[in-house]
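> predicted model and sequence below, questions to follow.
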Amino acid sequence: MVSLYAFASLAFITFFIALFKKQRKVLYWIALFSLLLFSFILRDSGFIGDFLVYKDALKSDIKEMLNSPYYLREIGYWGGSTLFYQVLQDEVLTFLFIDFLFFAFFTCFCYKNKIPAYYVLLFFIIFPSILGIQNVYRQHLATILIVISIFSQMKIPYKLLLMFFASLLHNVTILFLPFVFILRKKYLYALVTSLGVLYILFFLGGEKSNQETGEFPPILYMVFIFGLFFSFLLLHKLKIRLSELNKIYFYLYAVILLSLSLITMGGGQSKRVGMMLFLILLTDIIFLVEKKSKNIQTLRLLRSALVILGTLSTIILPASYNMLIIV
């Protein structure tokens, strides 16, 4: 239950920070410190789910990992975490250090790209991230890099490099590569990579894992995706400029990707795709809220609504709620 109280405290801090019109640097520091404290409470409370596998893998021999296809295809995580453990010699400290690296990277990304500080916290307390922090950890870390790659102002070669690093954490990363090109209006590259993804899903999708990541049906993620798409349309007042047409493609690709994942992948793997898509589209909604809000009252109202809905999603959905009460 300590984890649940820590989550409630983090949600309150998120709501408080969201009320500030100017998201000053100190708010980003508060957000980062709060995340680290939350991480310490979770890690110190014990390990559950897939984390038991991650914990045991810390003591593995790196040479043996290099000879195992299972570890080799995502060697960035398995090899990196093992090296950190060899230096720190403590399981909790190792995961805390990894958390710190990714929390700090995401916080810097938000600050540099003028994403409000409250989203640093909201991103991590909403249900897909709670499931990631407590269970599907490699996917969680990869999602952070994917979101940064898609929405940062970096040049495309650097975005692709970041995507490559994300693929070393979780090989499902390749499915999200077209988003990079769609957002930058590189439609030819977007088409080619999208066709590549279709090939992967149709011919290799059946080989993916069926391991479950929650208690609710995968189709529910389609409801969430359409909910975010509807929010996108409302924020645009159902009027999309020609210069913003790429955003329609952005959301359309998300729907197609999730639909094909539901058809070709196992239930557990399609849920993972849905979780990652949710956080990608949510980040776009955050940008739109900041851009479209005409006055501070509207901005505070929309920010507050996002924080409340994000918090409730974690509490209401059994899969994420259980992650907070069983440690």
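The structure has been received and is ready for your questions. Everything quoted here is computed from the prediction, not taken from an experiment.
> can you tell me which residues contact the spatially closest residue to residue 1 that is not a sequence neighbour?
Using Cβ to Cβ, 6 or more residues apart in numbering and skipping residues adjacent in sequence, the residue nearest residue 1 is residue 325, 6.1 Å away. Where you see a C-beta, it was placed from the backbone N, CA and C, and this is true even at glycine. Residue 325 sits next to 1, 3, 4 when contact means Cβ atoms under 8 Å, 6 or more residues apart in numbering.
> same thing with residue 99?
Here residue 99 is in contact with 35, 36, 39, 43, 133 (Cβ under 8 Å, 6+ apart).
> can I get those in CSV including pLDDT?
What follows is the contacts of residue 99, written out as CSV (pLDDT from 0 to 100):
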residue, pLDDT
35, 97
36, 96
39, 95
43, 91
133, 93
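> now distance to residue 277, neighbour count and secondary structure too, for those, in JSON lines please.
Listed next are the contacts of residue 99 as JSON lines, based on distance: Cβ to Cβ, whole Å; neighbours: other Cβ atoms under 10 Å; DSSP: H, G, I helix; E, B strand; the rest coil:
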{"residue": "35", "distance to residue 277": "23", "neighbour count": "25", "secondary structure": "helix"}
{"residue": "36", "distance to residue 277": "27", "neighbour count": "15", "secondary structure": "helix"}
{"residue": "39", "distance to residue 277": "24", "neighbour count": "21", "secondary structure": "helix"}
{"residue": "43", "distance to residue 277": "27", "neighbour count": "21", "secondary structure": "helix"}
{"residue": "133", "distance to residue 277": "18", "neighbour count": "23", "secondary structure": "helix"}
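> looking at the contacts of residue 325, which is nearest residue 193?
Comparing the contacts of residue 325 against residue 193 with Cβ to Cβ places residue 3 closest, at 38.8 Å.
> ok, that closest one to residue 86 distance?
In this view, residue 3 and residue 86 are 28 Å apart by Cβ to Cβ, to the nearest Å.
> also residue 272?
29 Å.
> neighbour count winner among these two?
residue 272 (30 against 12; other Cβ atoms under 10 Å).
> ok, the nearest residue to the more buried one once chain neighbours are set aside to residue 45 distance?
Leaving aside its chain neighbours, residue 272 sits nearest to residue 139 (5.5 Å; criterion: Cβ to Cβ, 6+ apart). From residue 139 across to residue 45, the span is 21 Å (Cβ to Cβ).
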